[in-house]
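J.: pasting a predicted model and its sequence here:
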Amino acid sequence: MKPVDDDHQRTVERFENLIRSFLRRHPYGPGPEETEDLLQEARLKLWQVLENGRDIEYLAAYIRKIVDSIVMDHLQKLIRERTLLAAAAWRGRPESQDSRKREDDRRRELVEEVQAELGALVGSRRTVLQMTLAGYSLGEIAATKNWTRKKTYALYERGLKDLKHIFGNEGRRS
């Protein structure tokens, strides 16, 4: 290990307040709890540059570049961490949400399939089933169409029987 160069030590200490000032004033600068860590990192980078014997004409401007680089690295690290945490939270979701979504998707597909097959039914049976799928009760359908409740129920039952027959012949689940 090389002996500590007092010249480099004094230079780093002399610019410590400038580094701290740049960190505080940086538009994307760290919070107070992270400033010390980034200050250490900036001091280390400045020390390495001085150790390598690199000739820097405007040291204050170079320190500003070091601070910018460190802050950007810090932001990228935070983004990576948040992305990983979000991905872990996504994977850690309860299965019930996934199964509920699949169930809703399956139910939606079945309703679309039933609506597509409704065209094969007789007009009044088709109307009752379409209105039922739209959320109307049998009593509301009877009142809207001026039918008796008994007739509406019979059309509903016959329509369901016809649909079961259609799906049964095509090899689909009923």
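T.: Yep, it's here. Numbers count the residues shown, from 1 in each chain.
J.: and residue 171, what pLDDT?
T.: Here the pLDDT value assigned to residue 171 is 49.
J.: ranges for the helices of the chain?
T.: 6-14, 16-25, 32-51, 59-91, 95-117, 123-133, 138-145, 149-169 (DSSP state H).
J.: mean neighbour count added to those, as a markdown table?
T.: For the C-beta atoms, the positions are set from N, CA and C on the backbone; glycine is no exception. Conversion of the helices of the chain to a markdown table gives the following (neighbours: other CB atoms under 10 Å):
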| stretch | mean neighbour count |
| --- | --- |
| helix 6-14 | 12 |
| helix 16-25 | 16 |
| helix 32-51 | 15 |
| helix 59-91 | 13 |
| helix 95-117 | 11 |
| helix 123-133 | 18 |
| helix 138-145 | 15 |
| helix 149-169 | 15 |
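J.: which of those has the lowest mean pLDDT?
T.: Among these, helix 95-117 carries the lowest mean pLDDT (a mean of 74).
J.: what angle do that helix and helix 149-169 make?
T.: Inter-element angle recorded for helix 95-117 and helix 149-169: 100 degrees (by axes from the mean of the first three to the mean of the last three CA atoms, to 10 degrees).
J.: now do the domain split for this protein, please.
T.: Split into domains by automatic domain parsing, the chain comes to 6-91, 95-169.
J.: need the contact list for the spatially most central residue of the chain.
T.: For the chain, the residue nearest the mean C-alpha position is residue 86 (7.4 Å; CA atoms, centre = their mean). Shown in contact with residue 86 (CB atoms under 8 Å, 6 or more residues apart in numbering): no residues.
J.: measure it to residue 105 for me?
T.: 23 Å (CB to CB, to the nearest Å).
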